[in-house]
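[1] the sequence isn't on hand, but the structure is:
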């Protein structure tokens, strides 16, 4: 069983930055793909970014536009999401996810989910 634990969320002013972390435990994620989703109040779950086990990165969510960067550390079994130039519309709960199938991951049907971390961007 895999556990994903997010951290790094919080309150930030528009234009600011945050770095989210997602630490995996339970088994090594070295052959798993990991990624991030978000869900704003009253809205559907939205794909943010993903990174394959071999560091290949599929396209980011359309709204990212160069502001976010995903990275991972295999030694620490951790994936990160660096978010810059944050906007109020980025306010959401951000979820980490993992799966050995990239298609399952990017379509929002991964095997594993974290509990989420709240990101609030004030104007």
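    Sure thing, it's come through. In this text, all values refer to a predicted model and were calculated from it rather than measured experimentally.

[2] so where do the strands sit in this structure?
    In the chain, the strands defined using DSSP state E lie at 3-7, 10-13, 18-25, 33-39, 46-51, 68-73, 78-83, 92-99, 112-113, 117-122.

[3] and these: which comes nearest residue 106?
    Nearest to residue 106 among those is strand 46-51; the distance by C-beta to C-beta comes to 5.4 Å. To be clear about C-beta, it is placed using only N, CA and C from the backbone, and glycine gets the same treatment.

[4] next, the angle strand 92-99 makes with that closest one.
    Counting by axes from the mean of the first three to the mean of the last three C-alpha atoms, to 10 degrees, strand 46-51 points 40 degrees away from the direction of strand 92-99.

[5] just checking: what are the partner strands of strand 46-51?
    Using DSSP bridges, the strands paired with strand 46-51 in its sheet are strand 33-39 (antiparallel).

[6] what about stretch 75-90, average pLDDT?
    Mean pLDDT, computed over stretch 75-90, is 96.

[7] okay, buried residues for it please.
    77, 78, 79, 80, 81, 83, 86, 90 (16 or more other C-beta atoms under 10 Å).

[8] got phi/psi on residue 56?
    phi -70, psi 140 (degrees, to the nearest 10).

[9] residue 73 versus the nearest residue to residue 85 once chain neighbours are set aside, what's the distance?
    Nearest residue to residue 85, sequence neighbours excluded (C-beta to C-beta, 6 or more residues apart in numbering): residue 67, at 4.6 Å. Noted for residue 67: a distance of 21 Å to residue 73, by C-beta to C-beta, to the nearest Å.
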